[in-house]
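Enquirer: heads up, no residue letters with this:
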């Protein structure tokens, strides 16, 4: 049977082409993708497309968009061997992280990609990214998908989606995965780093959809001089359920009395505070330094080596599933789909 791939165009730079008569950029007709990119005919694949109408600029992405995309993959899951999602780069790490948590028991590739230049321009990176993404989404070994997880492909690197951050707005290497190695590297051949690719616990388990994300989360980034009124004001936002606290280094924060008291009081009211580092590489270690020990003592939860994007997405999905903080914290301490390297056990 010919393998089948669904390309989902949600929006973004990759879906633009140059209109030769006017010189203006216009959206690409993905229903005619093989006409626009005849290279795709060389694949022995059935390639179908689905385009969001209108396309969504990635800066406009909201959790309701995550739901729409997750439901689309869920409803088409049994019809395709893999999925390629074309998405704007600005919020790709947020969306791809969210999809990794929203699709439970995933056993097929969902490869996100995009481009820094429109696919219709001469020097575009879009064609190479799209071709490689399709090849990886269709790749199998011993009859099983080579990469049965949500990933981001960009500039000849395939990363676990929930380990990525957009790093550069101008270079073709737009994304980094500081705390986890690439799942694959694309050169003359595609080299799969098999030991680092996550395999499903049960390939026969049905796909599960978690499509009720809760958006009552905020990010508090620490900096020297962060004001008391700012901190206390954020922690008292009506309806707020969780805060991603971006700390220094390996999870350190000021020990000044009002700051610790504000966190302690918020946790006492039922707010979940998740500690992630502002550093791109490294992990939160709240047992090693006095400031981290104090945060742990008052009930701040370690985010280990999670990215901020993954932390926000994970909290959003977990908060949508449960109102019990103990259940949510237990899940935060667990690697649900490879988003953290350290577990409490």
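Expert: Received it, and whenever you're ready, just let me know what you need. Computed from a predicted model, the values in this text were never measured in an experiment.
Enquirer: Okay, domains of this structure per the record?
Expert: 4-209, 217-332 (automatic domain parsing).
Enquirer: Of these, which is nearest residue 338?
Expert: Closest approach to residue 338 among the domains of the chain (CB to CB): domain 4-209, 4.6 Å. (Each C-beta comes from the backbone N, C-alpha and C, glycine too.)
Enquirer: thinking again about what came up before, in CSV: the domains of the chain, plus distance to residue 339, mean neighbour count and mean pLDDT.
Expert: Output for those, formatted as CSV (distance: least, CB to CB, whole Å; neighbours: other CB atoms under 10 Å; pLDDT from 0 to 100):
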stretch, distance to residue 339, mean neighbour count, mean pLDDT
domain 4-209, 4, 19, 90
domain 217-332, 5, 18, 96
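Enquirer: Those domains: which one's closest to residue 341?
Expert: Using CB to CB, the domains of the chain put domain 217-332 closest to residue 341, at 5.2 Å.
Enquirer: Do me a favour and get the end-to-end distance for the closest one?
Expert: The first and last residues of domain 217-332 sit 14 Å apart, counting by CA to CA, to the nearest Å.
Enquirer: And the residue nearest the centre of the protein?
Expert: Per CA atoms, centre = their mean, the C-alpha nearest to the average position across the chain is that of residue 97, at 2.2 Å.
Enquirer: Now find how far off-centre the helix or strand harbouring that residue is within its chain.
Expert: Taking DSSP states H and E as the definition, residue 97 sits inside helix 92-102. Taking the mean of its C-alpha atoms, helix 92-102 sits 3 Å from the chain's own mean (CA atoms, centre = their mean, to the nearest Å).
Enquirer: got it, and stretch 98-107?
Expert: 11 Å.
Enquirer: picking that back up, isn't the residue nearest to the centre of the chain right next to residue 313, touching?
Expert: Yes. Using CB atoms under 8 Å, residue 97 makes contact with residue 313 at a distance of 4.0 Å.
Enquirer: Overlap of the contact sets of the two?
Expert: residue 162 (CB atoms under 8 Å, 6 or more residues apart in numbering).
Enquirer: unless I'm mixing things up, residue 155 is touching residue 173, no?
Expert: Yes. Counting by CB under 8 Å, residue 173 is a contact partner of residue 155 at 4.4 Å.
Enquirer: Nearest residue to residue 131 in space, please, no chain neighbours.
Expert: Distances taken as CB to CB, 6 or more residues apart in numbering put residue 39 closest to residue 131, at 6.2 Å, once the chain neighbours are dropped.
Enquirer: check contacts around residue 59.
Expert: So residue 59 contacts 88, 90, 91 (CB under 8 Å, 6+ apart).
Enquirer: Go ahead and confirm the second one touches residue 168.
Expert: No. Using CB under 8 Å, residue 90 and residue 168 do not qualify as a contacting pair, with a distance of 12.0 Å.
Enquirer: tell me the SS of the residue lying closest to residue 40 once chain neighbours are set aside?
Expert: Closest residue to residue 40 apart from its sequence neighbours, by CB to CB, 6+ apart: residue 34 at 5.0 Å. Here residue 34 is helix, with the state taken from DSSP: H, G, I helix; E, B strand; the rest coil.
Enquirer: Residue 7 belongs to a strand?
Expert: Yes. Counting by three-state DSSP, residue 7 is found in a strand.
Enquirer: dump the residue contacts of it.
Expert: Residue 7 makes contacts with 30, 33, 47, 48, 49, 50, 83, 84, 86, 130, 134, as judged by CB under 8 Å, 6+ apart.
Enquirer: For the first one, which non-adjacent residue is spatially closest?
Expert: Spatial nearest neighbour of residue 30, excluding adjacent residues (CB to CB, 6+ apart): residue 49 at 4.2 Å.
Enquirer: picking up where we left off before, surely the residue nearest to residue 131 and residue 127 touch.
Expert: Yes. With contacts counted by CB under 8 Å, residue 39 reaches residue 127, the gap being 7.3 Å.
Enquirer: check which helix or strand covers residue 305.
Expert: With DSSP H and E as the test, residue 305 turns up in no helix or strand.
Enquirer: Roughly how far does it sit from residue 230?
Expert: 27 Å (CB to CB, to the nearest Å).
Enquirer: same deal with residue 59?
Expert: For residue 59 relative to residue 230 (CB to CB), the value is 24 Å.
Enquirer: Can you show me the strands along the stretch 1-150 of the chain?
Expert: 4-9, 16-18, 25-27, 46-51, 82-86, 103-104, 110-113, 140-141, 144-145, 150-154 (DSSP state E, counting those that start in this stretch).
Enquirer: got the contact list for the closest residue to residue 219 other than its chain neighbours?
Expert: In this structure, residue 219 finds its nearest non-sequential neighbour in residue 244, 4.7 Å apart by CB to CB, 6+ apart. Residue 244 is in contact with 217, 218, 219, 220, 274, 276, 303, 308, 311, 312, 315, counting by CB under 8 Å, 6+ apart.
Enquirer: Next: residue 136.
Expert: 109, 111, 146, 147, 151, 153, 158, 184, 190.
Enquirer: change it to 7 Å
Expert: 109, 111, 146, 147, 153, 158, 184, 190 (CB atoms under 7 Å, 6 or more residues apart in numbering).
Enquirer: Just want the phi and psi numbers for the spatially closest residue to the third one that is not a sequence neighbour.
Expert: Same thing as residue 146. Leaving aside its chain neighbours, residue 146 sits nearest to residue 139 (4.2 Å; criterion: CB to CB, 6+ apart). Torsion angles at residue 139 (phi, psi; degrees, to the nearest 10) stand at phi -70, psi 140.
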